[in-house]
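Trainee: Model the following, please.
(chains A, B and C)
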Amino acid sequence: MNLSTLYKILLEKYGHQGWWPLLELHEKGINPTKSGSIRGYHPKDYSYPKTKDQQFEIILGTILTQNTSWIQVEKVLINLKQLNSLSPDSILNLDKEKLKQAIKPAGYFNQKSERIILLAKWFKELNHTPDRTELLSLKGVGPETADSILLYAFKIPSFVVDTYTKRILTNLEIINEKEKYEKIQKLFHEFLPKDFKIYQEFHALLVEHAKHFYLKKENWRKDFLKSQ
DNA sequence: AACCAGGACGTGA
DNA sequence: TCACGTCATGGT
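Mentor: Predicted structure coming up:
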């Protein structure tokens, strides 16, 4: 099983995923059939983000979703929308306690609020496309968050390696259990066309696939990919 | 009722 | 470098 084949199989099984979900699309009810109540995806439409505010919304999401499910992040984004605070300026003008309350559903509201304020200040002054090193220097931005920002907010082909990706590749015996982040990322960079669309889809497909087979460890062996 | 969610960071060895 | 504890709410 190589990565190109894996991508092909997953795309065939699950279809285009249309990440990153955006609140505006959620409200318009686009792609309402997505699993659960989660909406806001835009399959086969790679024109997002269309505005700087949408770009910032994605960055907000990358911080908020750390070690938390997306459904919780969605609640926070709706809270912020209600407070009219989805842009950097409005967040900076928001009372800190109100910000914390809004963030609560996603957990870690103390850290996340501080980091979001710093990010808002950073993004406000940003007048160029950041690279990975710059992103990693920001508090609260680790490897996965940095790559998510590059890939989904700036459309730069930097592959996102999350815990699901590690689980799947480990189970398929493509990597060993404790392989390091950058080395796994290098695999994807080496064996795939350097195309942000493919990177976006592939990462989203891995997450989708993991939700079917990797939520409990005893289900790992049920992964149909093992018999491919 | 434990366990986990689209991680990152600080600490000590 | 690396293993380990911490951060926090909510769904299953």
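
Trainee: now residue A:79, what's its secondary structure?
Mentor: helix (DSSP: H, G, I helix; E, B strand; the rest coil).

Trainee: Give me the nearest residue to it, chain neighbours excluded.
Mentor: In space, and not counting its chain neighbours, residue A:79 is closest to residue A:102: 3.9 Å by Cβ to Cβ, 6 or more residues apart in numbering. Backbone N, C-alpha and C define where each C-beta goes, glycine included.

Trainee: swap in residue A:9?
Mentor: The spatial neighbour of residue A:9 that comes closest, neighbours along the chain excluded (Cβ to Cβ, 6+ apart), is residue A:228 at 6.4 Å.

Trainee: Thought residue A:1 was touching that neighbour, still the case?
Mentor: Yes. Using Cβ atoms under 8 Å, residue A:228 is in contact with residue A:1, at 6.5 Å.

Trainee: residues in contact with the one residue in chain A that gets nearest to DNA strand B?
Mentor: Using Cβ to the nearest atom of the strand, the closest approach of chain A to DNA strand B is made by residue A:142 at 2.3 Å. With contact taken as Cβ atoms under 8 Å, 6 or more residues apart in numbering, residue A:142 is in contact with residue A:136.

Trainee: what's the spacing between it and residue A:161?
Mentor: In this structure, residue A:142 and residue A:161 are 11 Å apart, going by Cβ to Cβ, to the nearest Å.

Trainee: before we move on, what about residue A:1?
Mentor: Applying Cβ to Cβ, the value for residue A:1 to residue A:161 is 17 Å.

Trainee: Likewise for residue A:79?
Mentor: Counting by Cβ to Cβ, the separation of residue A:79 from residue A:161 is 30 Å.

Trainee: Neighbour count for residue A:228 and residue A:1, which is higher?
Mentor: Just comparing residue A:228 and residue A:1: by other Cβ atoms under 10 Å the higher neighbour count belongs to residue A:1, 13 against 10.

Trainee: Pull up the residues of chain A that are close to DNA strand B.
Mentor: A:19-21, A:38, A:61-62, A:65-70, A:72, A:107-108, A:111, A:138-146, A:148, A:152, A:162-164, A:207, A:211, A:214-217 (Cβ under 7 Å from any atom of the strand).

Trainee: Just the buried residues from the residues you listed, in PyMOL please.
Mentor: In PyMOL, this line selects whichever of those come out buried by 16 or more other Cβ atoms under 10 Å:
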select buried, chain A and resi 19+20+21+38+61+62+65+66+70+107+108+138+140+141+143+144+145+146+148+152+162+164+207+214
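
Trainee: Could you point out which residue ranges in chain A have low pLDDT?
Mentor: A:25-38 (pLDDT under 70).

Trainee: Please list the residues of it that sit near DNA strand C.
Mentor: Counting by Cβ under 7 Å from any atom of the strand, chain A sits next to DNA strand C at A:36, A:67-69, A:71-72, A:104-105, A:107-112, A:178, A:180.

Trainee: Let me see the ranges of the helices in chain A.
Mentor: Applying DSSP state H to chain A gives helices spanning A:3-14, A:23-28, A:52-64, A:70-82, A:88-93, A:96-103, A:109-125, A:132-136, A:143-148, A:163-171, A:181-191, A:196-213.

Trainee: Please work out the angle formed by the directions of the first one and helix A:163-171.
Mentor: Think helix A:3-14. Put simply, helix A:3-14 runs at 120 degrees to helix A:163-171, going by axes from the mean of the first three to the mean of the last three Cα atoms, to 10 degrees.

Trainee: could you say what helices and strands helix A:3-14 packs with?
Mentor: helix A:181-191, helix A:196-213 (3 or more Cβ pairs under 8 Å, 6 or more residues apart in numbering; DSSP states H and E).
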